[in-house]
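1. With the input below, show me the fold.
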Amino acid sequence: MFFNRTMLLAVVLATVAGCATQSYVDENVARLEARLDGQDERINELTRTSRQALERATDAGVLAEGKFLYTVVLTDDEINFETDKSTLSADAQSRLTRLANNLKADNRNVYLEIQGHTDATGPEQYNMQLGMRRAESVRRHLHTQSVALDRMATISYGENAPAEPNDTAEGRARNRRVEIVVLN
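-> Down below sits the predicted model:
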């Protein structure tokens, strides 16, 4: 009888231990599946972003095949981008309107590559996004001045192409800029 009780107790303990292990495994599997679902969403988002970047790079490559005419640099002196901002001031809008009028007066089929830049404060990925927002704000304003969208491409260099060292406030201010490359 003692042997039967011992055997029964061993079987019960093995069964209970097995159930606890199975529920532990089930919980962990469910958690991992949820994380994988989140990763799938992130991968899809990165894929969309990569496609958009490739399209912009392709557009920029098409523009680069054109003949370089000149570059317009819009910095703190003409278009003031405050730290972490992409909004155009009234002076900036006026300067861009003059540029659009000059382009129309020249009556040439030109292409514009609008390059957004930032200073080196903040994370690099964020600065790439901020540079793009700056370039896009210039593109939108030029479009309101009748510059055709298919004649403009935007690209962000973020903090990767500074005009000045980022170790002074003046240098950082000069790096918060948009450059417009005019191609024929």
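2. and the residue sitting nearest the centre point of the chain, what element?
-> By C-alpha atoms, centre = their mean, the chain has its centre lying nearest to Gln129, at 3.3 Å. Secondary structure assignment for Gln129, by DSSP states H and E: helix 124-144.
3. quick one: strands adjacent to the helix or strand just after that helix?
-> Using DSSP H and E, the helix or strand that follows helix 124-144 in sequence is strand 152-158. Next to strand 152-158 in the sheet, as set by DSSP bridges, lie strand 111-117 (parallel).
4. Tell me the buried residues in the strand it pairs with?
-> For strand 111-117, the neighbour count (16 or more other C-beta atoms under 10 Å) marks 111-117 as buried. Every residue, glycine included, has its C-beta placed from N, CA and C.
5. what's the neighbour count on Ser89?
-> 14 (other C-beta atoms under 10 Å).
6. And it, how close does it get to Ala34?
-> For Ser89, the distance to Ala34 (C-beta to C-beta, to the nearest Å) stands at 46 Å.
7. quick one, strands of the protein?
-> Remark: strands assigned in the chain by DSSP state E are 68-74, 111-117, 152-158, 178-183.
8. Minimum distance to Gly171: which of these has it?
-> Closest approach to Gly171 among the strands of the chain is made by strand 111-117 (12.2 Å; C-beta to C-beta).
9. what angle separates the closest one from strand 178-183?
-> Angle between the axes of strand 111-117 and strand 178-183 is 160 degrees (criterion: axes from the mean of the first three to the mean of the last three C-alpha atoms, to 10 degrees).
10. hey, C-alpha coordinates of strand 111-117 in CSV?
-> C-alpha atoms of strand 111-117 as CSV (Å, rounded to 0.1, in the frame of the first residue of the first chain):
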residue,chain,number,x,y,z
TYR,A,111,14.4,71.1,-62.1
LEU,A,112,14.9,71.8,-58.4
GLU,A,113,16.5,69.5,-55.8
ILE,A,114,15.5,70.8,-52.4
GLN,A,115,17.9,69.6,-49.8
GLY,A,116,17.0,69.8,-46.1
HIS,A,117,19.7,70.0,-43.5
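11. Just the residues contacting that strand, thanks.
-> Taking contacts as C-beta atoms under 8 Å, 6 or more residues apart in numbering, the residues outside strand 111-117 that touch it are 60, 62-64, 66, 130-136, 138-139, 142, 147, 151-159, 161-163, 175-184.
12. how far does that strand sit from the chain's center?
-> 15 Å (C-alpha atoms, centre = their mean, to the nearest Å).
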